[in-house]
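**Student:** below is the sequence, then the predicted model.
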Amino acid sequence: MNFDKTDDELKQMTEEELFQYLDAKAAHLSKHTSPLSEYHTKRFASLASTISKTEFEYDVVKKIAKENDRLAWEKFINEKNKENEID
């Protein structure tokens, strides 16, 4: 599916076509995501708490950041294993 639609093309779509297009694009983009690094998780959480004027809960964020690092390593290892299977 072509995900490079112009504004005019999007405006001419029916509501149902637009939501189908957006769902397909979201599914396509979600295939190419990676968890945030520990540094970026802490940084974005800090910025979000500052903007929303809420308390920055370091222990909770650190736990999420560690889990993201674990998931990133798992994804990296799985991708390398797939590459090695092709060779």
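**Tutor:** The structure has been received and is ready for your questions.

**Student:** tell me how far the residue nearest the centre of the chain lies from Ala26.
**Tutor:** Nearest to the mean C-alpha position of the chain, by Cα atoms, centre = their mean, lies Thr33 at 4.6 Å. Separation of Thr33 from Ala26 (Cβ to Cβ, to the nearest Å): 11 Å. Placement of C-beta: from N, CA and C, glycine included.

**Student:** and for Leu18?
**Tutor:** Counting by Cβ to Cβ, the gap from Leu18 to Ala26 is 12 Å.

**Student:** looking at these two, which has the bigger crowd around it?
**Tutor:** Per other Cβ atoms under 10 Å, whichever of Leu18 and Ala26 has more neighbours is Leu18, with 14 against 9.

**Student:** state the helix or strand in which the closest residue to the more buried one other than its chain neighbours lies.
**Tutor:** In space, and not counting its chain neighbours, Leu18 is closest to Leu10: 6.6 Å by Cβ to Cβ, 6 or more residues apart in numbering. Here Leu10, judged by DSSP states H and E, is contained in helix 7-12.

**Student:** could you export that helix as PDB, CA atoms only?
**Tutor:** This file holds the C-alpha atoms of helix 7-12, laid out as PDB (Å, rounded to 0.1, in the frame of the first residue of the first chain):
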ATOM      1  CA  ASP A   7      -3.400  16.300   1.700                       C
ATOM      2  CA  ASP A   8      -5.700  16.500  -1.300                       C
ATOM      3  CA  GLU A   9      -5.900  12.700  -1.600                       C
ATOM      4  CA  LEU A  10      -6.600  12.300   2.100                       C
ATOM      5  CA  LYS A  11      -9.300  15.000   2.000                       C
ATOM      6  CA  GLN A  12     -11.100  13.200  -0.900                       C
END
